[in-house]
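A.B. asks: Kindly generate the corresponding structure for this input.
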Amino acid sequence: MRWAGLLFCLATLPGLIAPAWAASPVTGTWFGQGQPGDKASMYLDHFTADGRMQSQFRDCRNGKPDDSTEEGTWSLSGNLLTIQVNFHNGALMPRTDVYTLDSATAKAIRITYIPLKFPYDEHRVDDKFEMPGCQLVS
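C.D. replies: Purely as a prediction, here's the structure:
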């Protein structure tokens with residue numbers, strides 16, 4: 001009988017152990033505004049539970065959108081959020097960005113890009129959220 005209990009525990013253990021990012025406060029879809037040098041710039045970050053990320057960016061120039069995208073992976077260790085960008089606008093352009101996770105709630109996160117000490121305030125949005133048009137921010 002003890003063996004049956006041990007085998008049951010061993011069989012269910014993999015389902016109970018999940019990567020650290022699976023239950024991370026940054027998992028989800030987040031919208032924010034502002035980049036270094038451009039307070040009107042917008043971004044939409046998608047951090048999936050399997051460690052992938054996609055970001056969309058929109059700069060508005062004379063009322064017209066200038067959009068770009070990035071894809072890669074992310075990880076959280078303590079309060080250090082590391083984003084490994086692999087693709088920019090579909091082209092291979094690898095780089096690593098490191099942020100501190102300053103605060104996190106169910107509705108908002110604040111991260112700071114370490115090299116520039118630039119804070120990003122992001123608010124949780126629905127996965128189907130679409131970036132506002134430039135006429136709303138121009």
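A.B. asks: Give me the phi and psi for the closest residue to residue 60 other than its chain neighbours.
C.D. replies: Once flanking residues are discounted, residue 60 sits nearest to residue 134: 3.7 Å by CB to CB, 6 or more residues apart in numbering. (Glycine included, C-beta is placed from N, CA and C.) Main-chain torsions, residue 134, degrees, to the nearest 10: phi -70, psi -30.
A.B. asks: hang on, residue 134 packs against residue 42?
C.D. replies: No. With contacts counted by CB atoms under 8 Å, residue 134 stays clear of residue 42, the gap being 9.2 Å.
A.B. asks: what sits in contact with each of the two?
C.D. replies: Residues touching both residue 134 and residue 42 (CB atoms under 8 Å, 6 or more residues apart in numbering) are residue 58.
A.B. asks: residues near the residue nearest to residue 60, how many?
C.D. replies: 18 (other CB atoms under 10 Å).
A.B. asks: wait, what's in contact with it?
C.D. replies: Contact analysis of residue 134 by CB under 8 Å, 6+ apart lists 58, 60, 63, 64, 65.
A.B. asks: what's next to stretch 64-82, contact-wise?
C.D. replies: Contact with stretch 64-82 is made by 20-21, 24, 26, 47, 51-60, 83-90, 94, 96-102, 111, 131, 133-134, as judged by CB under 8 Å, 6+ apart.
A.B. asks: Mind doing that once more with 6 Å?
C.D. replies: 21, 24, 47, 51-59, 83-89, 98-101, 111, 134 (CB atoms under 6 Å, 6 or more residues apart in numbering).
A.B. asks: In strands, which of these fall?
C.D. replies: 47, 52-59, 83-88, 98-101, 111 (DSSP state E).
A.B. asks: which residue is nearest the centroid of this protein?
C.D. replies: In the chain, the centroid-proximal residue (CA atoms, centre = their mean) is residue 47; its distance is 4.0 Å.
A.B. asks: Show the contacting residues for it.
C.D. replies: Applying CB under 6 Å, 6+ apart, the residues near residue 47 are 26, 27, 53, 74.
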